[in-house]
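Participant: Sequence and predicted structure, then a few things I'm wondering about:
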Amino acid sequence: MATEIKLASKFGKPTLASANNGKAMWIRGSTSPLDQKGSSGWLAELYGGVQTGDDWARINIPVNEMLVTQLKTVEWSYYMTNEETMGVGMVIWVHNPTDFDKRAEITQLGSTVEKAAGWDASEFTSATSGMFYYGENTTGTALVAGTQYTWAQFQADALFKSWTIYRITFDYGWEASGTFESAYVADIKINNEQIELKPFPVNHRKTVLATKTIVDGAHSADDVVCEDADNTEGTDWDFDFSGTGYITKAIITCAKTALTSLTELQLYSAPPTCELDDNAAGVCPVAADIPYFIGSINFPAMKDVGTGQSFAVTVAGEGCGLPMAFDSPKLYGVLIDKTGTDWDASLMSILLTADMDD
């Protein structure tokens, strides 16, 4: 009996990336209309944010050295919160397979794909136009950088026809102005092969510690907890993960006995502009910080361990805001006292544990 041989896929596991005002994260499509599409039940939420020309979110799909001439068809579907000037467009990253100094990205103009509010589906073939390139060391091509062509013209070009594809991305953003609300990518199929969209198992777990000596004095409920009460002298709590992932556990400790305080840790992907001074009213997030607001971790009441320490621990699944996806390598926190506490001049520590992306 003949044995079926399964060929290895040319496509790797998808990952997410973003820059500046853009954000990207995995979400469950658990409610309508986001539950209507997608093979895995996961969707990639791409938030373009306020557009200044260099704000974007994307899906990265590794490609194992496919010849430019071999890419025939691509289909993808996505749900747009609002109609925008651009939709989720594709970028094809190519290079000379024997000389990586010679490379280019071939971009599909974002205004040429579907971009209406609701579900959109875009299709790509060799006849697709609105494709332009920029790159390095592209001597030998008959095509002009920045000029729009069909994909067939790239496939027939004297230079690009011998180059290979090392990555395909689906980008949302790059507009000069406006605000791009979230687009949710549900399906991607390349050369009739379905790309499974979901967060894949993590390589490692990482715990990051931030410590401050809190100012002496009684706080009111919803006051900021920090190391300095002087005007504009307080600072945020910094957590440098050097990567992206999902926060799954959080611990807060204070070098004072008999505390039963409730606290809330707000996290941002950029330094917050809200009130940071100790004992000041925690009016946050403010409007300027909302594009960078990741979410809040709500700690349960602290417990006294009887050795000069009080602590609280929370983990995913306890209704505390965890797990919490983050797409910035460094997070910035604002700690809020929810009950009103006299912390004394105490050493306080916050530990965040995250499952890191590949």
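Facilitator: Nice, I can see it.
Participant: Tell me the buried residues in the lowest-mean-pLDDT helix or strand in the chain?
Facilitator: When the helices and strands of the chain are compared on mean pLDDT, DSSP states H and E, strand 23-28 comes out lowest with a mean of 85. Neighbour counts over strand 23-28 (16 or more other Cβ atoms under 10 Å) mark Lys23, Ala24, Met25, Trp26 as buried. (Glycine included, C-beta is placed from N, CA and C.)
Participant: Turn those residues into JSON lines, columns for distance to Val50.
Facilitator: Formatted as JSON lines, the buried residues of strand 23-28 follow (distance: Cβ to Cβ, whole Å):
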{"residue": "Lys23", "distance to Val50": "11"}
{"residue": "Ala24", "distance to Val50": "16"}
{"residue": "Met25", "distance to Val50": "18"}
{"residue": "Trp26", "distance to Val50": "23"}
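Participant: the helices in the protein, which residues?
Facilitator: 151-156 (DSSP state H).
Participant: quick one: low-confidence parts of it?
Facilitator: 1-8, 201-203, 358 (pLDDT under 70).
Participant: May I ask you to name the longest strand in it?
Facilitator: Secondary structure assigned by DSSP state E gives strand 56-67 as the longest strand of the chain.
Participant: Just the residues contacting stretch 107-114, thanks.
Facilitator: 85-92, 120-122, 124, 128-134, 148, 171-172, 174-175 (Cβ atoms under 8 Å, 6 or more residues apart in numbering).
Participant: that older thread, just want the angle from the least confident helix or strand of the chain to strand 56-67.
Facilitator: 80 degrees (axes from the mean of the first three to the mean of the last three Cα atoms, to 10 degrees).
Participant: For strand 23-28, name the packing helices and strands.
Facilitator: Applying 3 or more Cβ pairs under 8 Å, 6 or more residues apart in numbering; DSSP states H and E, we find strand 23-28 packed against strand 15-19, strand 42-47, strand 56-67, strand 324-326.
Participant: Can you tell me which of those is nearest to Gly245?
Facilitator: For the helices and strands packed on strand 23-28, the distance to Gly245 is smallest for strand 324-326, at 6.8 Å, taking Cβ to Cβ.
Participant: That closest one pairs with which strands, parallel or anti?
Facilitator: strand 245-254 (antiparallel) (DSSP bridges).
Participant: Quick check: buried residues in the partner strand?
Facilitator: Quick answer for strand 245-254 (16+ other Cβ under 10 Å): Gly245, Tyr246, Ile247, Thr248, Lys249, Ala250, Ile251, Ile252, Thr253, Cys254.
Participant: Dump that strand to CSV, keeping only the CA atoms.
Facilitator: Output in CSV follows, covering the C-alpha atoms of strand 245-254 (Å, rounded to 0.1, in the frame of the first residue of the first chain):
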residue,chain,number,x,y,z
GLY,A,245,3.6,38.1,25.8
TYR,A,246,0.9,37.5,28.4
ILE,A,247,1.0,38.5,32.1
THR,A,248,-0.3,35.5,34.1
LYS,A,249,0.6,36.3,37.7
ALA,A,250,1.2,39.4,39.9
ILE,A,251,2.5,39.8,43.4
ILE,A,252,2.6,43.0,45.5
THR,A,253,4.5,43.2,48.8
CYS,A,254,5.0,45.9,51.4
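Participant: From Phe154, how far out is Glu105?
Facilitator: 12 Å (Cβ to Cβ, to the nearest Å).
Participant: before we move on, the earlier item: wait, which of the buried residues of strand 23-28 is closest to Val215?
Facilitator: Among the buried residues of strand 23-28, and counting by Cβ to Cβ, the member closest to Val215 is Lys23, at 33.0 Å.
Participant: Run a quick neighbour tally on the residue nearest to that closest one when sequence neighbours are not counted.
Facilitator: Distance criterion Cβ to Cβ, 6 or more residues apart in numbering; nearest residue to Lys23, sequence neighbours excluded, is Tyr47 at 4.2 Å. Using other Cβ atoms under 10 Å, Tyr47 has 24 other residues around it.
Participant: Run a quick check on Phe239 versus Gly333, I expect a contact.
Facilitator: Yes. If you go by Cβ atoms under 8 Å, Phe239 and Gly333 touch, sitting 6.6 Å apart.
Participant: which residues do these two both contact?
Facilitator: Ala210, Leu267, Ile350.
Participant: Make CSV out of those residues and add distance to Thr141.
Facilitator: Below are the shared contacts of Phe239 and Gly333 laid out as CSV (distance: Cβ to Cβ, whole Å):
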residue, distance to Thr141
Ala210, 50
Leu267, 46
Ile350, 53
